[in-house]
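Trainee: Predicted coordinates and the sequence they were generated for:
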Amino acid sequence: MTTFARTTGGDALVALARRAEAVAIPLGALLVGLAVFGLFLLTQGKSPVAFFGYVWQAGFGSAFSWQNTLSRTAPLLFAALCVALPARLGLVVIGGEGAIVLGGVAVGALGVALAGTSPVLALPLMAAAGIAVGAVWIGAVGALRYYRGVNETIASLLMAYIAIALMNHLVEGPLRDPASLNKPSTAPLVDALRVGPLPGMEVHWGLPVGILCCILAWVLIDRTTWGFAARIAGGNVRAAQVQGLPVGRLILGFTALGGSFAGLAGFFEVTAVQGSANASLASGYGYTGILIAFLARHNPLAIIPVAILLAGFEASSGLVQRRMDLPDATVLVLQGFVFIAILLSDTLYGRLKIFTPERWGRG
Amino acid sequence: MAFKPLSRRGFLQGSAALAGLASLGTLPGMARAQALTEMTVGFIYVGPKDDFGYNQAHAEGAAAVKAIPGVTVVEEENVPETVDVQKSMESMINFDGAKLLFPTSFGYFDPHILTLAKTYPDVRFEHAGGMWQADKHPMNVGSYFGYIGMGQYLNGITAGHASKTKKIGFVAAKPIPQVLLNINSFLLGARAVDPAITCQVIFTGEWSMAVKEAEATNALADAGCDVITCHVDGPKVVIETAAGRGCYVCGYHADQSSLAPELYLTGAEWNWAKVYTDMVTAMMSGETIPNFVRGGLAEGFIKMSPLGPAVTEASKAQFEATRDAILLGGFAVIKGPLKDNLGNVIAAEGQSFVETDVALESMNYLVEGVIGSIS
Amino acid sequence: MSDDLGLWAIPIAMIGGAIRVSTPFLFVSLGEVLTERSGRINLGLEGTLVFGAMTGYAVAYLTGSAWTGVLVAALAGSVFGLVHGLICSLPRVNDIAIGIAMMLLGTGLAFYFGKAFIQPVAPDLPSIPLGGWSGLPQVQAALDVNVLFLIGIVLALALAWMFRTTRIGLVIRVVGDSTDAARAMGLRPAVIRTAATAAGGAFAGIGGAYLSLYYPGSWNEGISSGQGLMAVALVIFARWNPVACIWAALLFGGAGALGPALQSVGVSEGYYLFYAAPYVLTLGVLIATSSPTRAMTGAPGELSITK
């Protein structure tokens, strides 16, 4: 059959099969993960059918459910990009939470200073502040890696703890609004500097901006020489250096870009949700983002559906607690099973005959 | 109804809280609605509902509401103070038809409850600890709280009698008014026994962080404190660690006497069962719940744990006499002459802030004798 | 007052804090050293630690024996390690990602099954009063040492000896440094790595049991404040050397005691920053001791995180 693959039609078929593989394997793994979780529920004397019915009802079944799911999606998109971009270079950054909270603090503080300014001017400045702080924070992780050889996973984790301490210090100390009595916060943003919901919806502008960022990140990685160079460097740093690729600039650029997305998450949390910077900024979005990025195999486009799926699971947590008398941790268990199943399926790529036309002829 | 409603105007008039009562009749929204036979009530907790503390106290209140005929209670725990809590509230409204919500964490109030209250004007939102203001906040939002500082004052009296080192300790989460009032009351209670007593405070910076709370407790014991209490969400770790070091302990939020039966003196507990059943019953019978509700020992909003075996007769006598005085109303813990621990005068000779004084809810000082600082 | 130590209270508190707080870090980092020396990284030990804390507490409560709790926590931990090891033995599966997934699953299962055990009071692990020679209660309290801490130190020394002189230690090191070399020697890298990960998981489970059964000594959902994750970081800090793990864990624990100790002598401005001391210190040492030009000394060659 070897002649077959060499024809143009064969190439197209192989490409098509590859695409089918990239969709079918994760979907199949998702179903397997859900099935294993269903078995777990059976051992607990609970009905999987009822459970998934509630997940559907609360996460995806109605206009309200979709608003619920999509409202939770926005910060997850940014947080996942903060992991996915450095991952293209083979860097595992797990401290996006730090960039989110410090970005949020910067936005909150600047928003107070710009209270009387026109939102047309002030909002972009505030967004820029969040982006800049996030970029510096995660960019520093990249710099430590490149210039000092400090492991980026550990450095980003340590810096996330430090960032949260700094945030607490700032919102309870120098930046505290004295009127924020029992919930120490920066002064509330004036209404003009609040980012509102999309027209006719409760979902705020962070969602479309987040989706746009995912698309832009995909273009960068998949369609530009920078993205191509990053992929080579991610495969083998030494080979990339031998070929004269600017590894240092790539590392700094991709970590800083990832951090700027996380900073943008902080911008939307402060301007669209909280209305001021306070300890609620550290609510774990950065850590959920790690999960999403790995599930999406660091593909920015895949981040969108994965983030929506996870947000939908979380949106259903309440209804499941109320209707089935299951603990809130049930959704964590569900995510754990699904996540493991999808990662496990990585081993199947290229090994299933149905997706490898070049092997169809062989016995 | 034993509610003690106050308007925000009372705040500006300092201790003239009675003015609030006078203005009650003029509050809008007091019209009687129709009585209900069935109602769904939602409770939302920021942590696990059996934490021996803040959330457990509220969950015990919710459990009491379940016993009211015709009432369905729905609950969610571990809900963060983000868009999550907004969606949890909305889900309870949309899927369960909840008409009354108790989102119990302080951080839920602004912006989350305030945002949703505008969208759902026919749903009642009741919040623990918030400062509802008639000129700023929607009428379908209410805030309630209790004079738990009085409980810490009584804790302090038993601590003052029990302490031999004349140094008592307080593990606190964050330097916010509600916590500062408790710290100050605890020390002033002890000083009512012996004015030489000091109170060491350690802030952990977190509402729930087990290892830090244990380390803070050990640091207090190392510093010579021999009676310890706390204001964190779950006092279990502090109580057990302190008792492990041989210190006497005073409880907070809920009854922790089972954790250290011999060393537990007493504890300042919430009695949300009373507050919640009153509110739900009122709404069921068509009454409108006042928007600003406060109460203390007399109103049954707070209660004290039974005195432990280590409490002496003298201690018991002073505890009971003080409790009876508080029950009469008009009791002031913060009264002149009193300075803060930086030397500023808080209350001049003859000046006093009675328990109902809303000014106490914006406390920003530690009184003289407390070792620690708020920034 | 005779037992008012003034500023001496700070070092004594830090020593006491180091001993009290370090044990979970020590056990998890030793487990991670064993795993990483075989060429795998298990980021999921945080989940294993939390699950160990829950099972240890639950079993201790149900059986009345704290040591049975520790044993079951170790068993549960080894099951988590085994699952991680087996999954990662499949080609093209990313060990870091599986670790994050196991962290989620372990935490989720611990919270799921742990609800019933938040209220009960389980028996505590015993401690040995090594401070009896001192008349100072502070010193006595600081040197009230838990048996698991001592076991952890012995374990660290034993691991160091194992890696240096025993055949099994050599096998683990070879597998960790080069899969090809190991295969050439007739070893089966996947089997050895899986076994090392399972053993590492057992250590992490014990670390969790220490949290729930000794210090702070109760089970609740906030029992771990990231000890499992930080311990993985401390392994790199300790350069994959078990004995260095002791110092890393003690240093980290002692630095964590700085915040409360400073407040207890009256220094409380900016306490959040003091609480960040362990993280700042660790980062500082990492920056000072890393180098962009040479690979990290002691790093196993097959480790995905340092390649």
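Mentor: Sure thing, it's come through.

Trainee: Name the secondary structure element that contains the closest residue to C:A74 other than its chain neighbours.
Mentor: Using Cβ to Cβ, 6 or more residues apart in numbering or on different chains and skipping residues adjacent in sequence, the residue nearest C:A74 is C:A202, 4.3 Å away. (Each C-beta comes from the backbone N, C-alpha and C, glycine too.) Here C:A202 sits within helix C:189-213, counting by DSSP states H and E.

Trainee: buried set for that helix?
Mentor: C:189-190, C:192-213 (16 or more other Cβ atoms under 10 Å in any protein chain shown).

Trainee: likewise stretch A:344-362?
Mentor: Under 16+ other Cβ under 10 Å, the buried positions of stretch A:344-362 are A:L344, A:S345, A:D346, A:T347, A:L348, A:Y349, A:F355, A:T356, A:P357, A:E358.

Trainee: okay, the residues you listed in CSV with secondary structure next?
Mentor: Below are the buried residues of stretch A:344-362 laid out as CSV (DSSP: H, G, I helix; E, B strand; the rest coil):
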residue, secondary structure
A:L344, helix
A:S345, helix
A:D346, helix
A:T347, helix
A:L348, helix
A:Y349, coil
A:F355, helix
A:T356, coil
A:P357, helix
A:E358, helix
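
Trainee: Out of those, which comes closest to chain B?
Mentor: A:L344 (28.2 Å; Cβ to the nearest Cβ).

Trainee: wait, what's in contact with the closest one?
Mentor: Counting by Cβ atoms under 8 Å, 6 or more residues apart in numbering or on different chains, A:L344 touches A:A29, C:I87, C:L90, C:V93, C:I98.

Trainee: which intervals of the chain have sub-threshold pLDDT?
Mentor: Went with chain A since none was named. Where chain A drops to pLDDT under 70, the residues are A:1-9, A:361-363.

Trainee: that's the wrong chain, I meant chain C
Mentor: Residues of chain C meeting the criterion pLDDT under 70: C:1-6, C:293-297, C:304-307.

Trainee: Just the closest residue of the stretch 101-250 of chain C to chain B, please.
Mentor: Closest to chain B within the stretch 101-250 of chain C is C:P216: 3.9 Å, counting by Cβ to the nearest Cβ.

Trainee: Spatially nearest residue to that residue, not counting backbone neighbours?
Mentor: Leaving aside its chain neighbours, C:P216 sits nearest to B:A214 (3.9 Å; criterion: Cβ to Cβ, 6+ apart).

Trainee: What helix or strand is that neighbour located in?
Mentor: helix B:210-222.

Trainee: helices or strands up against that helix?
Mentor: Helices and strands touching helix B:210-222, by 3 or more Cβ pairs under 8 Å, 6 or more residues apart in numbering or on different chains; DSSP states H and E, are strand B:167-172, strand B:198-203, strand B:227-231, helix B:236-244, helix C:9-37, helix C:137-142, helix C:242-256, helix C:258-264.

Trainee: can you rerun that using 6 Å?
Mentor: In terms of contacts (3 or more Cβ pairs under 6 Å, 6 or more residues apart in numbering or on different chains; DSSP states H and E), helix B:210-222 is packed against strand B:167-172, strand B:198-203, helix B:236-244, helix C:9-37, helix C:258-264.

Trainee: Contacts only, for C:G207.
Mentor: C:P24, C:F27, C:V28, C:L49 (Cβ atoms under 6 Å, 6 or more residues apart in numbering or on different chains).

Trainee: Now do it against chain A, distance only.
Mentor: Distance from C:G207 to chain A, counting by Cβ to the nearest Cβ, to the nearest Å: 18 Å.

Trainee: count of neighbours near the residue nearest to that residue when sequence neighbours are not counted?
Mentor: Excluding the flanking residues, the one nearest C:G207 by Cβ to Cβ, 6+ apart is C:F27, at 3.4 Å. Using other Cβ atoms under 10 Å in any protein chain shown, C:F27 has 36 neighbouring residues.

Trainee: One more: the one 3 residues further on?
Mentor: Close neighbours of C:L30, defined as other Cβ under 10 Å, add up to 29.

Trainee: Make sure it is actually in contact with C:F203.
Mentor: Yes. Counting by Cβ atoms under 6 Å, C:L30 does reach C:F203; the two are 5.3 Å apart.

Trainee: Can you report phi and psi for the residue of the stretch 151-300 of chain C found nearest chain A?
Mentor: Nearest residue of the stretch 151-300 of chain C to chain A, counting by Cβ to the nearest Cβ: C:A276, 3.6 Å away. Main-chain dihedrals, C:A276, degrees, to the nearest 10: phi -80, psi 0.

Trainee: With A:D222 as the reference, measure out to it.
Mentor: According to Cβ to Cβ, to the nearest Å, C:A276 stands 39 Å off from A:D222.

Trainee: out of these two, which sits in the more crowded spot?
Mentor: C:A276 (24 against 13).

Trainee: okay, now the closest residue in space to C:C88 that isn't next to it in sequence: neighbour count?
Mentor: Nearest residue to C:C88, sequence neighbours excluded (Cβ to Cβ, 6+ apart): C:D95, at 4.5 Å. Using other Cβ under 10 Å, the number of residues around C:D95 comes to 24.

Trainee: Next up, the contacts around C:D95.
Mentor: C:D95 neighbours (Cβ under 6 Å, 6+ apart): C:R40, C:I41, C:C88.

Trainee: Can you list phi and psi of the first one for me?
Mentor: With angles defined as degrees, to the nearest 10, C:R40 sits at phi -120, psi 160.

Trainee: which stretches of chain B have low pLDDT?
Mentor: In chain B (pLDDT under 70), the answer is B:1-33.

Trainee: near chain A, which residues of it show up?
Mentor: Contact residues, chain B versus chain A (Cβ under 6 Å from any Cβ of the partner chain): B:74, B:76-78, B:80-83, B:87-88, B:91, B:94-95, B:106-107, B:111, B:176-178, B:205, B:362, B:375.

Trainee: Up against chain B, what does the stretch 1-150 of chain C have?
Mentor: Selection of the stretch 1-150 of chain C residues close to chain B by Cβ under 6 Å from any Cβ yields C:D3, C:A9, C:A13, C:G17, C:I118, C:Q119, C:Q138.

Trainee: Now tabulate those residues in CSV and tack on neighbour count and distance to A:L39.
Mentor: Below are the residues of the stretch 1-150 of chain C next to chain B laid out as CSV (neighbours: other Cβ atoms under 10 Å in any protein chain shown; distance: Cβ to Cβ, whole Å):
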residue, neighbour count, distance to A:L39
C:D3, 14, 59
C:A9, 20, 55
C:A13, 27, 50
C:G17, 27, 44
C:I118, 22, 27
C:Q119, 16, 29
C:Q138, 24, 54
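
Trainee: so which of those are also by chain A?
Mentor: Among these, no residue is within reach of chain A (Cβ under 6 Å from any Cβ).

Trainee: Considering the residues you listed, which is situated nearest to A:R88?
Mentor: Using Cβ to Cβ, C:G17 comes nearest to A:R88 of those, at 41.4 Å.

Trainee: Roughly how far does the closest one sit from chain A?
Mentor: Taken as Cβ to the nearest Cβ, the span from C:G17 to chain A is 17 Å.

Trainee: Confirm A:G116 sits in a strand?
Mentor: No. With three-state DSSP as the criterion, A:G116 is assigned coil and is not in a strand.

Trainee: Can you tell me the closest non-neighbouring residue to it?
Mentor: Spatially, and ignoring its direct neighbours in sequence, A:G116 is nearest to A:V190 (8.0 Å; Cβ to Cβ, 6+ apart).

Trainee: Quick one: residues contacting the residue of the stretch 151-300 of chain C closest to chain A.
Mentor: Neighbours of C:A276 in contact, by Cβ under 6 Å, 6+ apart: A:I162, A:A165.
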